[in-house]
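A.B. asks: build me a model:
(one chain, ligands or ions: 2)
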Amino acid sequence: MLSILPEQITDESFAGYILRLSKRNGFADPVEWLNQTTWEAITKNSMSANHWRTLNTFIPISEKELRAHFFARHSLIFDDYRCNKPRICALCIKELGYLKESWQYIGNLYCPKHKTLLIDNCPACNQSFTWQQQLLSNQCTNDYCANPLKAEIIPNEIEELFIDEICDCLLASIFAKDPLTTVLPHSKVPHFDNLALAITQGFNLLTCDDEFTVFCNNLTDNKDWNHLPMQFRYFPLDLLITSLQSLWPIACMAKSPRKRQTEAHLEMYEQTQFIVAYGSALNVLTIPNELLRSLPEFKNKEKLPLNARINIAPLLESL
Ligand SMILES: [Zn+2]
Ligand SMILES: [Zn+2]
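C.D. replies: Ligands and ions are numbered 1, 2, ... in the order given. You can find the predicted model right below:
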């Protein structure tokens, strides 16, 4: 049992509370009293009944009384809209000395009090923050840096985004990073090295002509892809657009006539892989179900879930 048990502050994050408890009781790190797996479960929002039992041997406060995390579904690419690495307002920490739960919510991009960007990595060394006590003293968690953290200005263009738009931008950032994305990744919580930067990159792809052109050129000029029919070369673009929740300029930009290939048949390379989700093959590429069912993935199966990954390369010649 820990000897000093300050209460969790109303708007304090769960992991931040454990850090503060640790510090108040003279520990340098929660794993000095709590086992590694329980501490990890706290920071990753994946507490099992066992983890709660372990935690309760040190803190006699029930799961209900502790304000842990909540779940919600907002995005195709993650289940929870709270990230599991620390995000902070450096100015608030200086004033308050604790980490707020609301900072974990990716819908909050800036601190409403100081109007500064919530940051998840150090502006000095560019390293992501980890759940360590240095944060409570407003210090970078990278030991080689250990700089005091400064407030950052929020980029104008992303300042007013709502949660659905933020999720769209994060989705687009995946395509901005890898234009040849044919299957949407899915994780429990948002994983981005620098959330604000990812949102900005996604926002630019969704709204800027120049970024859009570069993206399309990457699709059409790629040497591994340029023998494919146009419908397949543009598939990542169509997948992105059909997966968005809000209306963005990219939907209009994509309507401009696509360069059609005049050469009737380029020499067909042997394409061995083109992995997509079953649902995308049906709804984005509009491949008839009967044709899809001829693929080996369907062998001896009544049906497949829409998010099942299938390789449609064997069908390319018949399309
Ligand atoms: Zn603040
Ligand atoms: Zn640093």
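A.B. asks: please make it C-alpha for all contacts and neighbour counts, starting now.
C.D. replies: OK.
A.B. asks: next, count neighbours for whichever residue of the chain sits closest to ligand 1.
C.D. replies: Proximity of the chain to ligand 1 (Cα to the ion) peaks at residue 92, 3.9 Å away. Neighbour count of residue 92, defined by other Cα atoms under 10 Å: 17.
A.B. asks: and whichever strand or helix holds it, how far out from the chain's middle?
C.D. replies: Following DSSP states H and E, one finds residue 92 within helix 90-96. On the basis of Cα atoms, centre = their mean, to the nearest Å, helix 90-96 sits 26 Å off its chain's mean C-alpha point.
A.B. asks: which phi and psi does residue 137 have?
C.D. replies: phi -100, psi 20 (degrees, to the nearest 10).
A.B. asks: got the residues of this structure near ligand 2?
C.D. replies: 122, 124, 125, 140, 145 (Cα under 5 Å from the ion).
A.B. asks: tell me where the model's unsure across the stretch 1-150 of the chain.
C.D. replies: Counting by pLDDT under 70, the stretch 1-150 of the chain has low-confidence residues at 68-74.
A.B. asks: sec struct for residue 285, please.
C.D. replies: Following DSSP: H, G, I helix; E, B strand; the rest coil, residue 285 is assigned to coil.
A.B. asks: near ligand 1, which residues of the stretch 1-150 of the chain show up?
C.D. replies: Residues of the stretch 1-150 of the chain lying close to ligand 1 by Cα under 5 Å from the ion are 89, 91, 92, 111, 114.
A.B. asks: got a list of what the first one touches?
C.D. replies: With contacts taken as Cα atoms under 8 Å, 6 or more residues apart in numbering, residue 89 has the following neighbours: 103, 110, 111, 116, 117, 118, 119, 151.
A.B. asks: how far away is it from ligand 2?
C.D. replies: 15 Å (Cα to the ion, to the nearest Å).
A.B. asks: returning to what we had before: list the buried ones in the helix holding residue 92?
C.D. replies: 90, 91, 92, 93 (16 or more other Cα atoms under 10 Å).
A.B. asks: and of the residues of the stretch 1-150 of the chain next to ligand 1, the nearest to ligand 2?
C.D. replies: Among these, residue 89 lies closest to ligand 2 (Cα to the ion), at 14.8 Å.
A.B. asks: got the CA positions of stretch 122-133 in CSV?
C.D. replies: C-alpha atoms of stretch 122-133 as CSV (Å, rounded to 0.1, in the frame of the first residue of the first chain):
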residue,chain,number,x,y,z
CYS,A,122,9.9,17.6,-27.7
PRO,A,123,10.4,20.6,-30.0
ALA,A,124,14.1,20.6,-29.1
CYS,A,125,15.1,16.9,-29.8
ASN,A,126,12.0,15.8,-31.7
GLN,A,127,11.6,12.7,-29.5
SER,A,128,8.2,11.4,-28.5
PHE,A,129,7.3,11.9,-24.8
THR,A,130,7.1,8.8,-22.6
TRP,A,131,5.2,8.4,-19.4
GLN,A,132,7.8,9.6,-17.0
GLN,A,133,7.9,11.9,-14.0
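A.B. asks: not counting it itself, show me its contacts.
C.D. replies: 15-16, 19-20, 23, 28-29, 43, 85-87, 120-121, 140-142, 145, 147, 149-150, 193-194.
A.B. asks: I appreciate the help and will end here.
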